[in-house]
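Enquirer: return a 3D structure for these sequence lines:
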Amino acid sequence: MSIVNRRNAMLGWLTWQAGKRIAARKARSAIPSVEEGKPNKGLILSLLAAAGAVLFLWRRKGGDGGSQDAE
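Expert: Numbers count the residues shown, from 1 in each chain. As a prediction, this is how the structure comes out:
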């Protein structure tokens with residue numbers, strides 16, 4: 001008897017769907033919300049850090065290409 005059959009495929013698919021719903025529910029509950037009219041400080045810091053990382057990597061990638069062309 002094979003391990004991969006319709007019954008096991010269906011059980012795996014149902015488990016995957018249930019896991020995605022549970023993970024989405026946990027992710028929605030973990031998102032920082034607006035408190036007393038002010039955005040959460042952690043949210044602002046994480047957004048600024050992400051923007052800084054993007055700028056750093058973009059600038060670093062652009063600088064490397066110019067030095068190789070000069071040689």
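Enquirer: how near is the residue nearest the centre of the chain to Lys20?
Expert: By CA atoms, centre = their mean, the mean C-alpha position of the chain lies nearest to Ala27, the distance being 10.7 Å. Taking CB to CB, to the nearest Å as the measure, Ala27 falls 10 Å from Lys20. (Glycine included, C-beta is placed from N, CA and C.)
Enquirer: starting at the chain centroid, how far to the helix or strand encompassing Phe56?
Expert: Under the criterion DSSP states H and E, the helix or strand holding Phe56 is helix 41-70. How far helix 41-70 lies from its chain's middle: 18 Å, per CA atoms, centre = their mean, to the nearest Å.
Enquirer: what comes up buried for it?
Expert: Within helix 41-70, no residue qualifies as buried by neighbour count (16 or more other CB atoms under 10 Å).
Enquirer: returning to what we had before: where's the residue nearest to the centre of the chain, which helix or strand?
Expert: helix 6-30.
Enquirer: what mean pLDDT does that helix get?
Expert: Helix 6-30 carries an average pLDDT of 94.
Enquirer: swap in stretch 41-50?
Expert: Stretch 41-50 comes out with an average pLDDT of 88.
Enquirer: next, Lys38: phi, psi?
Expert: phi -110, psi 140 (degrees, to the nearest 10).
Enquirer: separation between Trp58 and Lys41?
Expert: Separation of Trp58 from Lys41 (CB to CB): 26 Å.
Enquirer: quick check: domain ranges of this protein?
Expert: 1-31, 40-71 (automatic domain parsing).
Enquirer: quick one, what contacts Trp13?
Expert: Applying CB atoms under 8 Å, 6 or more residues apart in numbering to Trp13 gives no contacts.
Enquirer: how near is Phe56 to Gly12?
Expert: From Phe56 to Gly12 the distance is 41 Å (CB to CB).
Enquirer: burial of Ala23, as a residue count?
Expert: Counted with other CB atoms under 10 Å, the neighbours of Ala23 add up to 10.
Enquirer: show me what contacts it?
Expert: Counting by CB under 8 Å, 6+ apart, Ala23 has no contacts.
Enquirer: distance check, it against Trp13.
Expert: In terms of CB to CB, Ala23 sits 16 Å off from Trp13.
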